[in-house]
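# Below are the sequence and a predicted model for it; my questions follow.
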Protein chains: 2
Amino acid sequence: MTSITPNANLYPASAMSSGSGVAASVAGASPTFSPLYQQIKSLITQSLQSGEWKPGELIPSEMELASRFKVSQGTVRKAIDELSAENLVVRRQGKGTFVATHHEARAQFRFLRLAPDEGVPHYPENRIIEVRRLRAPAEVARLLEIKSGDSVVFIRRVQSFSGVPTILDDLWLPGSIFKGLTAERLNEYKGPMYGLFETEFGTHMIRASEQIRAICADETVAQLLQIEKGTPLLNVERVSFTYGDKPVELRRGLYLTSQHHYRNELS
Amino acid sequence: MTSITPNANLYPASAMSSGSGVAASVAGASPTFSPLYQQIKSLITQSLQSGEWKPGELIPSEMELASRFKVSQGTVRKAIDELSAENLVVRRQGKGTFVATHHEARAQFRFLRLAPDEGVPHYPENRIIEVRRLRAPAEVARLLEIKSGDSVVFIRRVQSFSGVPTILDDLWLPGSIFKGLTAERLNEYKGPMYGLFETEFGTHMIRASEQIRAICADETVAQLLQIEKGTPLLNVERVSFTYGDKPVELRRGLYLTSQHHYRNELS
DNA sequence: AAGTGGTCTAGACCACTAT
DNA sequence: TAGTGGTCTAGACCACTTT
C-alpha cells in the first residue's frame, strides 16, 4: 500500500480543466487505477442507486454533469455510453438521458424469454396462487445473500398465454425489502411484476443470471398447469440483481414448451 | 428517390480532412443517411467478409485505416469499438486489433452454454456417430436459406464430460460450403468444431440464434446417451450465422441436464 | 525508441425535440 | 430559438508491447 494518488499522477492538472477534478478526489478512496470515465460512471451509478434520479426520470444533461464533475463532455459521454449499453439509462436524442424503467415497451421482453412458436410475442395473464411469509431455507438464503432463517416473501403464480397455463413461477424475495407485499396488490397490478417492484418497493432489477434444466412435471405442477404428470418442462432458476449487483429475487420458473420456446441470442 | 448525396451535405468538406473522403464516395450508393463511422464499420466488415484479413490476423492500425479512408482516427476508433463489442475483432493494447477466431480460450465458451453444476467449465470430448450427404428437407432448407433438395452435410455426434455422454448433436450444413467434410477429419480434429469450420472451410461463425424446449428422450436418443427412455432433455435448436448474417449451420442439440445446466445472463 | 490501442480535452456542427 | 444527444475532428498524453 502506498499513499500516492495514482490518478493525479497519471492525469496531471495540465490535462484537466481544473486542478481539483474528480480524479484527484476519487483517487484517494481507491488506490487501484481506473480511467476517469469509469470513475464518472461509478459516481452516476451511485446517484442511481441512492435514488437521486428515479426510474423514468431525466438525469442531468451531459454538459451539466461535465461541469459538476469538472471533466469534459466527452468523458461524461463515454461513461453514459456504457451505462446505456448496460440498460441502466436510456438516451433520447433531443430530449435527454432517462433512468431505465420496467414500465416501458422496450423493457417488457428483456426478462421474459418465452416466445410463442407462431405469432408475435405478447404478455401473459397473471394468476397469483399464494403469497406467504417464511424463514429462508439455507439454499435460498445463500443465493439471496441473507442469513438462513431471515424473513422472505414466497410467491407462487401461474402465467397464461391466451388462457393456456404455461408458466409456474415460485419466487423468494427478501422480507426486509418487500414489506407489505400481498396477493391483493399483486393481483391488482397489471403488467410485469418488475414494474411493481420498482414503483412500490423502490427496487429496480438491472440484470439476472439463469440456469436452465429439463425436468418432468410432478403431480402438483401438473395440476397447476393442467397438464399430464411427467410432461417435460423447462426449469429456469433465476437470481435477479439490483444496483450494486445486490441479489434481490430468487425465482424458479417451470415453462411448458409445447407451444412456446425459450429464445436466446448468442453473440 | 432523390439524386442528392446526403452525407456530402451533412458533413461538408470543411468538417473532413479531405474533400474526397469516404462519406462522399459511399453516399452515392446509399441514399439513406448513415453516420461516417457506420460506413467505415461496414467497409471493415466487407474486408473481413472477403477474407482480406483472416481470423487470428492483425488488421491495419487505426491510424493506417484513418488515412486509407480519409477520416480521423477517432472515427475509425468508433467503428472498431462496435466491431469489438460484436466480437468480430479483438483489441490488444500495444499490439493491435486482430480478427476474432474460434481458436482462442476466450471464444471457447461463447457458443457452449452447458456448464457443470459443480466445478469449473471444461470442454467435452467428441465422438462422431455419422456423417452423411443428403438432400435438404424443406424445413432445413428454409432455415439455411437454400433450396429444398440442395445438398447438405448431416453430422451426428455425442459429446461427453469426463466420460459421461451429455450432448447429442445433429447438424445440417450447406453442402456447397462444406465440401469434403468427412468423419475422419472431424475425428482427427481436437477442440471446438467452429475452429475446424473456420480453418478448413473459411467459414467463421459470428452469432447464433437458439430456441430451447424440454422434451423426453426417445428410444434412439436414450441408447446414444446411455440413459433411460423418457429422461427429460433440453432440446436446443440453433441457427448459426457467418459474416453478412448468412445462415450456415443448423444444429439440434439434446442436452442431458442432470449434472449440468444451460447458463444464461439476462442483461 | 517506435508503434499500438486507451484516455482525455476542446471545439465544431448536425439531428431531434420542445417552447 | 434554445437545449439535448449524436457525430466528427485535431491534438495531446498514457499504458503496453516489441524492436
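That came through fine. Because the structure is a prediction, the values reported are computed rather than measured. Residues are numbered from 1 along each chain as shown, chains lettered A, B, ... in the order given.
# make it CA atoms for all contacts and neighbour counts henceforth
Noted.
# I'd assumed residue A:241 was in a strand, is it?
Yes - under DSSP: H, G, I helix; E, B strand; the rest coil, residue A:241 sits within a strand.
# what's the residue of the stretch 151-267 of chain A found nearest DNA strand D in contact with, if anything?
In the stretch 151-267 of chain A, no residue comes nearer to DNA strand D than residue A:206, which is 20.0 Å away by Cα to the nearest atom of the strand. The contact partners of residue A:206, by Cα atoms under 8 Å, 6 or more residues apart in numbering or on different chains, come to A:87, A:88, A:240, A:241, A:242, A:243, B:267.
# Strands of chain A, start to end?
A:89-92, A:96-99, A:114-116, A:125-135, A:151-161, A:164-174, A:205-216, A:232-242, A:246-255, A:260-266 (DSSP state E).
# Mind putting these into a markdown table with mean pLDDT?
Output for the strands of chain A, formatted as a markdown table (pLDDT from 0 to 100):
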| stretch | mean pLDDT |
| --- | --- |
| strand A:89-92 | 98 |
| strand A:96-99 | 98 |
| strand A:114-116 | 97 |
| strand A:125-135 | 96 |
| strand A:151-161 | 97 |
| strand A:164-174 | 98 |
| strand A:205-216 | 98 |
| strand A:232-242 | 98 |
| strand A:246-255 | 98 |
| strand A:260-266 | 98 |
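# before we move on, back to that, quick one: buried ones out of the contacts of residue A:206?
The neighbour count (16 or more other Cα atoms under 10 Å in any protein chain shown) marks A:87, A:88, A:240, A:241, A:242, A:243 as buried among those.
# Now flag whichever of those residues is closest to residue B:229.
residue A:240 (35.0 Å; Cα to Cα).
# give me the number of residues near the spatially closest residue to that closest one that is not a sequence neighbour?
What sits nearest to residue A:240 in space, not counting adjacent residues and going by Cα to Cα, 6 or more residues apart in numbering or on different chains, is residue A:208, at 4.1 Å. By the measure other Cα atoms under 10 Å in any protein chain shown, the count of residues near residue A:208 is 21.
# surely residue A:208 meets residue A:236?
No - at 11.6 Å, residue A:208 and residue A:236 do not qualify as touching, with contact defined as Cα atoms under 8 Å.
# ok, back up a step: relative to residue B:218, which of the strands of chain A is closest?
Closest of the strands of chain A to residue B:218 is strand A:232-242, at 12.5 Å (criterion: Cα to Cα).
# Span of stretch A:147-165 from start to end?
34 Å (Cα to Cα, to the nearest Å).
# Distance of residue A:66 relative to chain B?
Using Cα to the nearest Cα, to the nearest Å, residue A:66 is found at 20 Å from chain B.
# oh sorry, the question was meant for residue A:34
Using Cα to the nearest Cα, one obtains 16 Å as the distance from residue A:34 to chain B.
# Quick check: pLDDT value at that residue.
At residue A:34, the model reports a pLDDT of 92.
# From residue B:81, how far off is it?
In terms of Cα to Cα, residue A:34 sits 19 Å off from residue B:81.
# Break chain A down into its structural domains.
Following automatic domain parsing, chain A resolves into domains at A:6-99, A:110-262.
# Pick the most buried one from the ones you listed.
Counting by mean count of other Cα atoms under 10 Å in any protein chain shown, domain A:110-262 has the highest mean neighbour count of those, with a mean of 18.
# What's the end-to-end length of stretch A:90-101?
9 Å.
# Tell me if it is near DNA strand C.
Yes - contact of stretch A:90-101 with DNA strand C (Cα under 7 Å from any atom of the strand) involves A:92, A:93, A:94, A:95.
# Right, and DNA strand C sits closest to which residue of the stretch 151-267 of chain A?
For the stretch 151-267 of chain A, Cα to the nearest atom of the strand, closest residue to DNA strand C: residue A:267, 19.2 Å.
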